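K.L.:
Quick one, fold the following:
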Amino acid sequence: EMLASTDGAGTVSFDVEDETNQESVIRTDAGNYEITVKVSGTKNYNSAEKKLVLIITQRDITLTADSKEQVYDGTTIRASGYKVSGSGLVDGQRIESVVIEGSQSAVGSRANKLSEATIYDEDENDVTKNYQITYVDGVLTVTEPEPPIVALVANITNEADETDKQKEDITKPKENKNKP
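P.N.:
Sure thing, here's the model as predicted:
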């Protein structure tokens, strides 16, 4: 809000776009506003007029898509969250919607992309134009599963000079045959 006053002599008014003789100027949307400030003359003062430009810049915010990683199990992974950083949202404003595109089911990685965010104020007005939004991709990653650990353990027996090889899963504890 832009207000102006005098020392009691004369009247101050503003002309903004098609609004004339305003007592104050209230602008909240990003943009450039040409304002003419007028002070009426009195017997001691001449009238005066000054043109100004009020510049309201877009608020910088960054939306970063969530990342997710999982071991391959045949399912598709997605990450639907995001974080807001930078200058943040103005109090009372919220992200109404955002497009999130990304999924990964095979081993590998793919971008989790955000786009087309819309921001609303508490009166349900779309105020997206007041934000400079930077989108940062997340990463969806499916990793190779760990192979089962199998070892060949040779058990040599002296029975008829035969060697018996068997597979043992070394993740299982071995029995201790020498227990007292």
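K.L.:
is it true that residue 61 touches residue 82?
P.N.:
No - counting by CB atoms under 8 Å, residue 61 sits too far from residue 82 to count as a contact (11.0 Å). C-beta here means a position set from N, CA and C on the backbone, and glycine is covered the same way.
K.L.:
Please enumerate residues in contact with whichever strand in the chain runs longest?
P.N.:
In the chain, taking DSSP state E as the definition, the longest strand is strand 108-120. Residues from elsewhere that reach strand 108-120 (CB atoms under 8 Å, 6 or more residues apart in numbering): 63-68, 78-79, 82, 89, 93-104, 126-128, 130-131, 133, 135-142.
K.L.:
So which bits of it are buried?
P.N.:
Using 16 or more other CB atoms under 10 Å as the burial criterion, the residues of strand 108-120 that qualify are 110, 112, 114, 117, 119, 120.
K.L.:
Tell me how many other residues crowd the residue lying closest to the fourth one once chain neighbours are set aside.
P.N.:
Just to be clear, that refers to residue 117. In space, and not counting its chain neighbours, residue 117 is closest to residue 98: 4.3 Å by CB to CB, 6 or more residues apart in numbering. By other CB atoms under 10 Å, the residues close to residue 98 number 17.
K.L.:
thinking again about what came up before, nearest to residue 73, out of the buried residues of strand 108-120: which one, please.
P.N.:
residue 110 (16.7 Å; CB to CB).
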